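*Asks:* Fold the following.
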Amino acid sequence: MRADRLLSTLMILQARGRVTAEALAEELEVSVRTIYRDLDALSAAGVPVYAERGPGGGCALLDSYRTTLTGLTDAEVQALFVMSLPAALVQLGLGPEIKAAMLKLNAALPAERRQDEDWVRQRIHLDWSGDARRHEPVPHLPVLKQAVWEDRRVRLVHRLPSGPGMVSLERLVDPLGLVTLAGDWHLVCRAGGRLRVYRVASLVDATMTAEMFERPAGFDLAAFWAEWRAERRVSRGRYAANVRVLPHAVPWLPLMLGAAVQEQLETPADDAQAGDGGIVLTLSYDSLESARGHLLSLGAAVEVLEPLPLRLSLADYAAQVAALYGAAPDGQAAPSLPRPA
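*Replies:* Model prediction:
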């Protein structure tokens, strides 16, 4: 165990330069006193390591000392750095070994290439959690990867799941990164002043432009993805209503439901397509009462599929409204109302 720790200490110092003993102790999960003993052991073995006290001090190696790693091309190094650590490998006990190997790789690179790891990780993130989707072709993935690599704007055409009468939206976006969730690729981008997520398999077209863009200061791809997924889980925990939007109302969805459906239109579920050309969506509300009030206002454009209590409540309220307005005053016949097309 101590030999592993000594090697890890050596690689950290070589990769990062000057590091405080406290930082080393925290990363290696030992005491500061143990770190100083390890430094003495490295020095006794001929490693030119030293420690300086005071502001700006810390532990470091002489500039002339470094291990070497040759024979790897830029693309090969980037391919290694893009790998995340799947939970399955951690459960097998391989997590520390993989982390140590990546640390050695970074330490052995020339100084001018040690920023490759952070550069790549801010552009490609692999999320191994979640359930795997069925395999879907992603023909636009190579273009998106190149655009992410080169910080170039992309013109996207995104299909709304609206049946035979296809409705598509076109957007010019700043592609910030690609994330794969159990093999399902997503594009994280900036469009219209906000961050958005698109399923790559749902894109009709993607064209890289010559226009460059500046990445948001402080943007962290992995952190954004974790927050985005957490927000989706929270929103799904509220009162959810599964509804079917009738085909004639599909083109008016953004106007009818606004931001509530924007995300589902951009990252539709596998079963979002209804057989008659409509769309099946999940809408979130604070309560049954708020869901009922909103859905009643949409009339016959939206049908509630579940939950059953909401469906029965809507039917009851609709019957009461029909009874109230269906009876004409003074015994006159009630006028017939046109049914939605």
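
*Asks:* if I look at the closest residue to Leu62 other than its chain neighbours, how far off is Leu13?
*Replies:* Nearest non-adjacent residue to Leu62, counting by C-beta to C-beta, 6 or more residues apart in numbering: Pro48, 4.0 Å away. Quick note: C-beta positions are derived from backbone N, CA and C, even for glycine. Remark: distance between Pro48 and Leu13 (C-beta to C-beta, to the nearest Å) = 10 Å.

*Asks:* Next: Glu52.
*Replies:* In terms of C-beta to C-beta, Glu52 sits 13 Å off from Leu13.

*Asks:* Can you tell me what sits against the helix or strand hosting Trp149?
*Replies:* Secondary structure from DSSP states H and E places Trp149 in helix 141-150. Here helix 141-150 makes contact (C-beta atoms under 8 Å, 6 or more residues apart in numbering) with 123-124, 152-154, 175-178, 185, 187, 200, 206-208, 212.

*Asks:* Mind checking which of those residues land in strands?
*Replies:* Counting by DSSP state E, the part of these found in strands is 124, 152-154, 175-178, 185, 187, 206-208, 212.

*Asks:* in the stretch 1-150 of the chain, which segments are predicted with low confidence?
*Replies:* 1-3, 64-95, 98-99, 101-121, 124-135 (pLDDT under 70).

*Asks:* Helices along that one, start to end?
*Replies:* 2-16, 21-28, 32-44, 74-81, 87-91, 95-108, 116-121, 141-150 (DSSP state H, counting those that start in this stretch).

*Asks:* Does anything pack onto the longest one? Which helices or strands?
*Replies:* It stands for helix 2-16. The contact analysis (3 or more C-beta pairs under 8 Å, 6 or more residues apart in numbering; DSSP states H and E) places helix 2-16 against helix 21-28, helix 32-44, strand 58-61, helix 95-108.

*Asks:* Include distance to Leu288 when you put those into a markdown table, please.
*Replies:* Formatted as a markdown table, these follow (distance: least, C-beta to C-beta, whole Å):
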| stretch | distance to Leu288 |
| --- | --- |
| helix 21-28 | 49 |
| helix 32-44 | 58 |
| strand 58-61 | 60 |
| helix 95-108 | 45 |
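
*Asks:* Can you tell me which of those is most buried?
*Replies:* strand 58-61 (a mean of 19; mean count of other C-beta atoms under 10 Å).

*Asks:* Pull the residues that contact it.
*Replies:* 10, 13-14, 17-21, 23-24, 35, 39, 47-52.

*Asks:* Of these, grab the buried ones for ChimeraX.
*Replies:* Provided next is the ChimeraX selection string for whichever of the contacts of strand 58-61 are buried by 16 or more other C-beta atoms under 10 Å:
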select :10,13,14,19,21,23,24,35,39,47,49,51
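
*Asks:* And Gly183, how close does it get to Val250?
*Replies:* 29 Å.

*Asks:* For the two, indicate the residue with more neighbours.
*Replies:* Set side by side, Gly183 and Val250 give different neighbour counts by other C-beta atoms under 10 Å, the larger being at Val250 (21 against 14).

*Asks:* quick one: pLDDT of the more buried one?
*Replies:* Listed pLDDT for Val250 reads 72.

*Asks:* list the contacts for the closest residue to Ser31 other than its chain neighbours?
*Replies:* In this structure, Ser31 finds its nearest non-sequential neighbour in Ala25, 5.9 Å apart by C-beta to C-beta, 6+ apart. Neighbouring residues of Ala25 by C-beta under 8 Å, 6+ apart: Ser31, Val32, Thr34, Ile35.

*Asks:* Turn those residues into a markdown table, including distance to Arg194.
*Replies:* Formatted as a markdown table, the contacts of Ala25 follow (distance: C-beta to C-beta, whole Å):
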| residue | distance to Arg194 |
| --- | --- |
| Ser31 | 46 |
| Val32 | 45 |
| Thr34 | 48 |
| Ile35 | 45 |
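
*Asks:* just these now: which is nearest Pro139?
*Replies:* Ile35 (51.6 Å; C-beta to C-beta).

*Asks:* Surely the closest one and Glu26 touch.
*Replies:* No. The criterion here is C-beta atoms under 8 Å, and Ile35 misses it with Glu26 at 9.8 Å.

*Asks:* Could you list the domains of this protein?
*Replies:* If you go by automatic domain parsing, the domain ranges for the chain are 1-66, 141-234, 237-326.

*Asks:* Can you add distance to Pro96 and give these back as a markdown table?
*Replies:* Putting those into a markdown table (distance: least, C-beta to C-beta, whole Å) gives the following:
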| stretch | distance to Pro96 |
| --- | --- |
| domain 1-66 | 8 |
| domain 141-234 | 20 |
| domain 237-326 | 35 |
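
*Asks:* quick one: which of the contacts of helix 141-150 is nearest Ala226?
*Replies:* Gly177 (12.9 Å).

*Asks:* The closest one: how many residues sit nearby?
*Replies:* 22.

*Asks:* Could you double-check that it sits in contact with Val188?
*Replies:* Yes. Between Gly177 and Val188 there is a contact at 4.8 Å, judged by C-beta under 8 Å.

*Asks:* Can you work out which residues contact both of the two?
*Replies:* Applying C-beta under 8 Å, 6+ apart, one finds that Gly177 and Val188 are jointly contacted by Leu221.
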